[in-house]
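[1] I'll drop the sequence and a predicted model, then ask my questions.
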Amino acid sequence: MDRTETLLLGVSGVVVALVFAGALSAGALFGFDESVTRPIRLLAVEPLAWIVVGALLVAVVGHAYID
């Protein structure tokens, strides 16, 4: 991986961490109801969700290789 690919992977990791932290903080502020915990629970339970996340990661890295 060269510099741009490492940068893209790092930025996507930061975005994922911010989204996860935002969901947890929204749940802490407004209560953990069904709408906040459902995406996190879906990732924990559904293997298809991990396949989608993996496909998105492969698409980002693959796009960096093509460019």
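    That came in fine, so what should we check first? Everything numeric in this text was worked out from a predicted model, so none of it was measured.

[2] any idea which helix or strand of this protein has the worst average confidence?
    When the helices and strands of the chain are scored by mean pLDDT, DSSP states H and E, helix 34-45 comes last with a mean of 70.

[3] Tell me which helix or strand comes right after that helix.
    Counting by DSSP states H and E, the element after helix 34-45 in chain order, helix or strand, is helix 47-66.

[4] Show the secondary-structure elements that that next one is packed against.
    Under the contact criterion of 3 or more CB pairs under 8 Å, 6 or more residues apart in numbering; DSSP states H and E, the helices and strands touching helix 47-66 comprise helix 3-30, helix 34-45. Heads up, the C-betas are built off the backbone N, CA and C, glycines and all.

[5] and it with helix 3-30, angle?
    Between the direction of helix 47-66 and that of helix 3-30, the angle (axes from the mean of the first three to the mean of the last three CA atoms, to 10 degrees) works out to 150 degrees.

[6] Quick one: mean pLDDT over helix 47-66.
    Across helix 47-66, the average pLDDT comes to 78.

[7] sorry, back to before: with mean neighbour count and distance to Gly62 added, can I get the helices and strands packed on helix 47-66 in JSON lines?
    As requested, the helices and strands packed on helix 47-66 are exported to JSON lines (neighbours: other CB atoms under 10 Å; distance: least, CB to CB, whole Å):
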{"stretch": "helix 3-30", "mean neighbour count": "12", "distance to Gly62": "10"}
{"stretch": "helix 34-45", "mean neighbour count": "12", "distance to Gly62": "22"}
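
[8] so which of these gets nearest Val58?
    Within the helices and strands packed on helix 47-66, the stretch nearest Val58 is helix 3-30; the backing value is 11.5 Å (CB to CB).

[9] Now do that closest one, average pLDDT.
    Mean pLDDT, helix 3-30: 80.

[10] So which other helices or strands are in contact with it?
    Helices and strands touching helix 3-30, by 3+ CB pairs under 8 Å, 6+ apart, are helix 34-45, helix 47-66.

[11] Sweet, I'm off.
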